[in-house]
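S.K.: following is a predicted model, sequence given first.
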Amino acid sequence: DIYDSLSVAGVVSGSAGNSAFGDRDVTAVYFEALFPILDNFEANIAGRYDDYSDYGSDFAPRIALRYQPLDTLTLRGSWGQGFRAPNFNELYYPGFFGSFAGNPDLKPETSRQATAGFVWEPLAGASIGGDLWRIEKENVVDALDPHFVMDHYDMYGAPRRLQLPVGLGVGPCGRPGGLI
């Protein structure tokens with residue numbers, strides 16, 4: 001990315017869009033298969049494999065079951081894993097006052113999810129259903145609160161030293177301060 005001097009100095013925060021430079025090649029393969037085990041019971045197995053040129057690869061499997069013990073009642077459940085690849089800012093953003101810095105060593109966010117549900121159709125055209133779900137996420141990418149970083153100086157080290165425009169001071173937690 002290319003940033004102007006005021007953004008680098010922390011005078012301007014936010015962006016209407018960055019100018020991004022970089023390459024990422026992604027190759028993906030997906031499969032899905034339906035297995036009718038009994039007349040009223042089926043399994044659906046699926047998976048997706050993605051290979052990213054800049055951070056690695058991941059596989060996300062899924063299995064779903066559907067059981068219909070009565071003509072008017074369907075029970076269903078599923079289990080799967082997922083991932084989210086880090087984006088360019090999360091990997092390469094240079095970081096300025098009041099913002100996070102990118103980390104080229106980031107791993108993907110991962111998740112596991114499970115669902116269970118039913119659909120009951122007592123009358124043709126009228127149905128009621130319900131679902132329960134659980135989602136667990138790991139390696140969630142998020143910006144650290146500047147106060148947390150300063151309170152844990154031993155973990156994160158000294159803040160970056162940046163060239164500030166003449167007359168601009170630095171306030172608490174590395175945020176731009178008033179004129180000096």
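M.R.: Great, that's in hand.

S.K.: where does pLDDT dip in this structure?
M.R.: The chain contains residues with pLDDT under 70 at 1-22, 93-102, 143-146, 149, 153-180.

S.K.: what about the strands in it?
M.R.: Assigned by DSSP state E, the chain shows strands spanning 26-38, 41-52, 56-70, 73-84, 109-123, 126-138, 168-170, 176-179.

S.K.: the fourth one pairs with which strands, parallel or anti?
M.R.: Strand 73-84 has the following sheet partners, assigned by DSSP bridges: strand 56-70 (antiparallel), strand 109-123 (antiparallel).

S.K.: in CSV, list those strands along with distance to Arg24 and mean neighbour count.
M.R.: The way it works is simple: take the backbone N, C-alpha and C, and place the C-beta from them, glycine included. Formatted as CSV, the strands paired with strand 73-84 follow (distance: least, C-beta to C-beta, whole Å; neighbours: other C-beta atoms under 10 Å):
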stretch, distance to Arg24, mean neighbour count
strand 56-70, 12, 15
strand 109-123, 17, 14
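
S.K.: can I get those strands in a markdown table including distance to Asp23?
M.R.: As requested, those are exported to a markdown table (distance: least, C-beta to C-beta, whole Å):
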| stretch | distance to Asp23 |
| --- | --- |
| strand 56-70 | 15 |
| strand 109-123 | 22 |
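
S.K.: out of the ones you listed, flag the one nearest Asp50.
M.R.: Comparison of those against Asp50 by C-beta to C-beta identifies strand 56-70 as nearest, at 5.5 Å.

S.K.: what's that closest one in contact with?
M.R.: 40-51, 74-83, 85, 107-108, 110 (C-beta atoms under 8 Å, 6 or more residues apart in numbering).

S.K.: relative to strand 26-38, how tilted is it?
M.R.: Angle, strand 56-70 to strand 26-38, by axes from the mean of the first three to the mean of the last three C-alpha atoms, to 10 degrees: 20 degrees.
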